[in-house]
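[1] test case, fold it:
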Amino acid sequence: PAQPARPGQAVRIFTGAPMPDGTDTVFMQEDVRIDDAGNVILPSGLKPGANVRPAGEDIARGHVALASGRRLRPQDVAVAAAFGLTTLDVVRRLRVGVFSTGDELAAPGGARTEAQLFDSNRFMLIAMLRRLGCEVGDLGILRDERAELADALKQVARRYDLILTTGGVSTGEEDHVKAGIEQAGSLVLWRMAIKPGRPVAMGIIDGTPLIGLPGNPVASFVTFVHVVRPTVLALSGAVPSPLLPMPVRAAFSYKKKSGRREYVRASLRRAADGSLEATKFPREGAGLLSSLIETDGLIELGEAVVRVEPGDAVGFLGYADLL
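    Predicted structure coming up:
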């Protein structure tokens, strides 16, 4: 219209069009009718300002739309695009090198002796790191030779922002990762009160942090979630965002030691009253990869918990939320 609308007038517009001057409310065309005199008849019940999007209603001037330290999600990218931005300042992808250790390991696709296992941890860790946005270097399998292991760690330290190993961190005669870290750099931490996953080593080699995870696959998975994930996010500049377990009802009994955090593999089901219940994987063992693919997530039991009985409230961490 060439002139602003006056009280008692209606102007036809389309979805997304700017509001004509003098108007404040939009009625849907299918809800109105035209009488014989050409008047627009409006239904009752609509409040002034309905179906209108005022400028600035989403993000007001001066409000921070995307704070620093945020790990960008698709919806964050949409916000940047809505501002007309074509670039954002971000931290580059973290470079992580991954070793497996142990004479008992053979590479998938290669020859395997009767006493060997095909290496699975390395590929699991690489996939998890990539889900966190890392650039990953597959550094293969290190044999159980202390000097060779220490030399290999020293050689790759300057090429990566983080080194990850799996296996060789326990107390066996052929577990050389702890000693290799001490020989090539400095050991910061060894062993954590967590199950599965007690043998965890952390150190620094030529300024590059190193995390040595256990060799048992489930222990390696759990300690990645508990230790590696927050480390990767911190090195990437992300603001800490602790995982928040979802409260569910236990449908199992379980005993544990005080002073140790434990993660129990569990599946969810809907109970007769509509509540979510967690059932425990029927077998124990930190080497059971099947327990990670036949369950939905982990029940986190804090250090003060010593017993779980059916009906107790417990915290559940779904696998989809861990990466």
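[2] please count neighbours and contacts with C-alpha atoms only from this point.
    Will do.
[3] A helix includes Thr225, no?
    If you look again at residue 225, you'll see it is Val, not Thr. Yes. The assignment for Val225 is a helix, going by DSSP: H, G, I helix; E, B strand; the rest coil.
[4] check contacts around it.
    Leu322, Leu323 (Cα atoms under 8 Å, 6 or more residues apart in numbering).
[5] tell me the SS of Leu292?
    What three-state DSSP gives for Leu292 is helix.
[6] residues contacting it?
    Counted by Cα under 8 Å, 6+ apart, Leu292 has contacts Val218, Arg265.
[7] again with Phe221
    With Cα under 8 Å, 6+ apart, Phe221 has these contacts: Leu125.
[8] phi, psi for it please.
    Main-chain dihedrals, Phe221, degrees, to the nearest 10: phi -60, psi -50.
[9] quick check: the gap between it and Gly274.
    31 Å (Cα to Cα, to the nearest Å).
[10] same check, this time on Val90
    From Val90 to Gly274 the distance is 44 Å (Cα to Cα).
[11] quick check: Leu213 touching Gly203?
    No. Leu213 lies out of contact with Gly203 (Cα atoms under 8 Å); the separation is 11.8 Å.
[12] of these two, which one has the most company?
    More neighbours surround Leu213 than the other of Leu213 and Gly203, with 32 against 21 (other Cα atoms under 10 Å).
[13] so who does that one touch?
    With contact set as Cα under 8 Å, 6+ apart, Leu213 has these partners: 164-167, 169, 197, 199-201, 219-220, 223-224.
[14] give me the pLDDT value at the closest residue to it other than its chain neighbours.
    For Leu213, ignoring the flanking residues on the chain, the nearest one in space by Cα to Cα, 6 or more residues apart in numbering is Thr166 at 4.6 Å. The score at Thr166 is 91. That number is its pLDDT.
[15] wait, Thr166 touches Phe123, no?
    No. Here Thr166 lies out of contact with Phe123, judged by Cα under 8 Å, at a distance of 10.8 Å.
[16] comparing those two, which residue is more hemmed in?
    Thr166 (27 against 14).
[17] tell me the bridge partners for that one.
    Beta bridges link Thr166 to Ser100, Leu213, judged by DSSP bridges.
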